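Colleague: Output the structure for:
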Amino acid sequence: MITQETIRDMYLTEIGDIREQMGKMSQQIVRTQRSVKLDEHDFQLANMQYQRDGTRQLMSLTASVEALLNERYTDPAYQLQLQSEDLHARKSRERQREIDKSLRQIRFLSKLRQEKTLVCPCGEHKGITFFDAQNNPVNGKLCPKVWWIKLSRLALEEGRLNSFLTSTPLDKYMSAFRK
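Modeller: Below is the predicted model:
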């Protein structure tokens, strides 16, 4: 028959076995942690070496590119090409600024009141004078042909040239300015 002492001895034996297993597991965890730390250390060392190698390669490539660029930039033919491209770009920017300024002027004038003058600056027909809100003349007299050309340029820039040419042909526009 099983007595309480037997049961107690069995439990104590089991508890002892569990403690022994827990001790072995603790030792295994400590060994695993040490191994992980060593692996992390090895990884960090390898990563640092990789970064150093990459930095050296990058510095080498940079030096090579710099040498090639120095060689190219000192080449007289390349210098002429750069100057030519720079001049072309500058002229293009200046031309665009002139176009923008001209379009702003046309938009400004188109908002003013217009009156016909007795004589056009070209002398062939009547001219146009523009007046601001205070009835002051603005921009002197203008030839209607020149004004029509400016309006067509504005229509072209705004993408409505076809409708402008249909609604305001030059002959029809100029008929209003005959002497």
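Colleague: all strands of the protein, in order?
Modeller: 113-117, 127-131, 137-142 (DSSP state E).
Colleague: For the longest one, name the packing helices and strands.
Modeller: Think strand 137-142. Applying 3 or more C-beta pairs under 8 Å, 6 or more residues apart in numbering; DSSP states H and E, we find strand 137-142 packed against helix 76-110, strand 127-131. C-beta coordinates here come from the backbone N, C-alpha and C atoms, glycine included.
Colleague: name the helices or strands packed onto the shortest one?
Modeller: Translated: strand 127-131. Right, strand 127-131 is packed against strand 113-117, strand 137-142, helix 144-157 by 3+ C-beta pairs under 8 Å, 6+ apart.
Colleague: where among the ones you listed is the average confidence lowest?
Modeller: When the helices and strands packed on strand 127-131 are ranked by mean pLDDT, strand 137-142 comes last with a mean of 84.
Colleague: who does that one pair up with?
Modeller: strand 127-131 (antiparallel) (DSSP bridges).
Colleague: deepest of the strands of the chain, which one?
Modeller: strand 127-131 (a mean of 18; mean count of other C-beta atoms under 10 Å).
Colleague: and the angle for it with strand 113-117?
Modeller: Orientation check (axes from the mean of the first three to the mean of the last three C-alpha atoms, to 10 degrees): strand 127-131 against strand 113-117 gives 150 degrees.
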